[in-house]
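S.K.: The following comprises the amino acid sequence and a computationally predicted model.
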Amino acid sequence: MTETELTKEIKSGSARAFDEMVAAYKDMVVNTCYGFLRDRHDAEDIAQDVFLEVHRSIHTFQEKSKLSSWLYRIAVNKSLNLAKKKKRRQLMSSLQARFGGEESPAEIPDTNMPNPQADLEQAERVQILQRAIDSLAENQRIAFTLSKYEQLSYKEIAEVMATTLPAVESLMNRAKMNLQKKLRKYYENG
């Protein structure tokens, strides 16, 4: 059965055609989800969600693209949504640990450095930067960390911090200005 025939059968309510579609595309959908999530259990759960979504919304599929392309798009979107959700949970946990009073490592080792002297200099620069970041006002520190370490967009930061996009832009500008002042003082006095 061609994709077009399969789609028409599914739209007409054929359970057999739907089962055939699931059998034909299950591996592709699971593998696509796994590529984003890197967790087989999550990939299989999301794959089930993908097929439920197809069952619910097959009537909206306009057949301008292939059925497999539509499945792929749904799988990617659902995988990215779960990945973002998991990242936000991890991020909030790490932010709570980091800014909630628990100590964090003072340095981030760089294994690509060619010699011990360079390692020490890099570790010192990291410590100086980390102290400067830690001395920022809490909201500036959170916004800066989300942007620079977690690489979230300002819009995503606004969602995480439950604030507006202009507020995040302002926090980031103030954080950058304050960091420049603190680091300039250190290097001028050092």
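M.R.: Arrived safely, thanks for sending.
S.K.: Give me the domain ranges for the chain.
M.R.: Split into domains by automatic domain parsing, the chain comes to 3-87, 106-189.
S.K.: so which of those gets nearest residue 94?
M.R.: domain 106-189 (8.8 Å; Cβ to Cβ). C-beta: built from backbone N, CA, C; applies to glycine.
S.K.: so how far is that closest one off the chain centroid?
M.R.: Averaging C-alpha positions (Cα atoms, centre = their mean, to the nearest Å) puts domain 106-189 19 Å from its chain's average.
S.K.: Show the pLDDT at the residue sitting nearest the centre point of the chain.
M.R.: Of all residues in the chain, the one closest to the mean position by Cα atoms, centre = their mean is residue 84, 4.2 Å from it. Per-residue confidence (pLDDT) for residue 84: 81.
S.K.: Now do the helices in the chain.
M.R.: Under the criterion DSSP state H, helices of the chain are mapped to 3-11, 15-37, 40-57, 67-99, 116-134, 138-148, 154-161, 165-189.
S.K.: of all these, which gets the most neighbours per residue?
M.R.: helix 138-148 (a mean of 19; mean count of other Cβ atoms under 10 Å).
S.K.: contact partners of that helix?
M.R.: With contact meaning Cβ atoms under 8 Å, 6 or more residues apart in numbering, helix 138-148 is reached by 91, 95, 98-99, 133-134, 136, 152, 154, 156-157, 160-161, 168, 171-172, 174-176, 178-179.
S.K.: show me where pLDDT drops low in the chain?
M.R.: For the chain, the stretches with pLDDT under 70 are 91, 95, 98-115, 118-119, 149-150, 190.
S.K.: do that again at 90, thanks
M.R.: Filtered on pLDDT under 90, the chain yields the residue ranges 1, 28, 31-39, 62-73, 75-77, 79-81, 83-139, 141-153, 155-163, 182-190.
S.K.: ok now do the residue nearest to residue 88 when sequence neighbours are not counted, which residues does it touch?
M.R.: Leaving aside its sequence neighbours, residue 88 sits nearest to residue 160 (Cβ to Cβ, 6 or more residues apart in numbering; 6.1 Å). Applying Cβ under 8 Å, 6+ apart, we find residue 160 in contact with 88, 91, 92, 146, 152.
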